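Trainee: sequence first, then the predicted structure, then my questions.
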Amino acid sequence: GKRSVNLANEIAGTVVEVGFDSGETVQPGQMLLRLDTSTEQADLEAARATERLAQSGVAVAEAETRVAKSNLDLAQNNLRRYKSAISSSSVAEADVDRAQSEVDKGVATLERSNSMLGRAKAEREQASAKVKQLETLIAKKTLHAPFLARAGMRMIHPGQYLSEGTNVVGLTELTDDI
């Protein structure tokens with residue numbers, strides 16, 4: 001049998017474009033209805049800017065973590081050198097203590113950098129999710145014909161506000177065997 005469906009909008013909005021007329025044959029994928037997305041587009045631009053900022057925050061945190069790691073490596077090498085030379089008179093106990101405190105400071109700095117990196121990555125994930133959410137919302141504000149069909153009565157017009165779930169058009173499948 002032939003498929004017939006009533007297309008309805010998933011999301012409320014104001015009609016900006018209608019892509020069919022009553023009784024017209026519509027092609028698969030043809031745009032049938034476009035709702036206003038200007039607010040979402042503006043939000044999307046802002047979300048993309050936030051995402052770019054978050055990405056640069058990750059890059060900065062990664063760089064700081066690399067520096068902290070290399071500083072810690074250096075401090076650990078110094079401490080090892082001083083400890084192995086303590087028996088000789090050239091290294092004082094105070095030098096070893098100072099080297100140990102540099103290592104401790106290096107460990108703390110690296111932990112702080114890693115924590116900031118984690119936070120930066122979480123902010124980036126959040127920003128990316130917001131971008132995807134808005135892109136999905138924008139996509140849902142355009143309805144396309146699912147298959148080759150004859151459109152029923154056109155009851156909608158540009159400027160009209162459609163609440164969620166408004167019946168946009170009835171479609172009856174057209175098959176080659178007609």
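Mentor: Perfect, I can see it now.

Trainee: any idea where the strands of the chain begin and end?
Mentor: Per DSSP state E, the chain carries strands over the ranges 4-8, 13-18, 25-26, 31-35, 142-144, 149-151, 161-162, 167-173.

Trainee: skipping adjacent residues, who's closest to the residue nearest the centre of the chain in space?
Mentor: Geometric centre of the chain, nearest residue: Ser128, 1.7 Å, by Cα atoms, centre = their mean. Of all residues not flanking Ser128 in the chain, Glu51 sits nearest, at 5.7 Å (Cβ to Cβ, 6 or more residues apart in numbering). For the C-beta atoms, the positions are set from N, CA and C on the backbone; glycine is no exception.

Trainee: distance check, Ser84 against Asn77.
Mentor: 11 Å (Cβ to Cβ, to the nearest Å).

Trainee: cool, Val169 as well?
Mentor: Distance, Val169 to Asn77, using Cβ to Cβ: 74 Å.

Trainee: of the two, who's got more company?
Mentor: Val169 (24 against 12; other Cβ atoms under 10 Å).

Trainee: in contact with that one, which residues?
Mentor: 6-7, 20, 32-33, 151-156 (Cβ atoms under 8 Å, 6 or more residues apart in numbering).

Trainee: which of the residues you listed sits closest to Val107?
Mentor: Of all the contacts of Val169, Leu33 has the smallest distance to Val107: 60.3 Å, by Cβ to Cβ.

Trainee: need the contact list for the nearest residue to the closest one once chain neighbours are set aside.
Mentor: Nearest non-adjacent residue to Leu33, counting by Cβ to Cβ, 6+ apart: Leu143, 4.2 Å away. By Cβ under 8 Å, 6+ apart, the contact set of Leu143 is 7, 9, 31-34, 168.

Trainee: test my guess that Gly165 contacts Leu7.
Mentor: No. At 10.9 Å, Gly165 does not count as touching Leu7 under the criterion of Cβ atoms under 8 Å.

Trainee: look at those two and report which has more neighbours.
Mentor: Higher neighbour count among Gly165 and Leu7: Leu7, with 19 against 11, using other Cβ under 10 Å.

Trainee: count the residues that sit near the closest residue to that one other than its chain neighbours.
Mentor: Nearest residue to Leu7, sequence neighbours excluded (Cβ to Cβ, 6+ apart): Val168, at 4.8 Å. Per other Cβ under 10 Å, the neighbour tally for Val168 reads 22.
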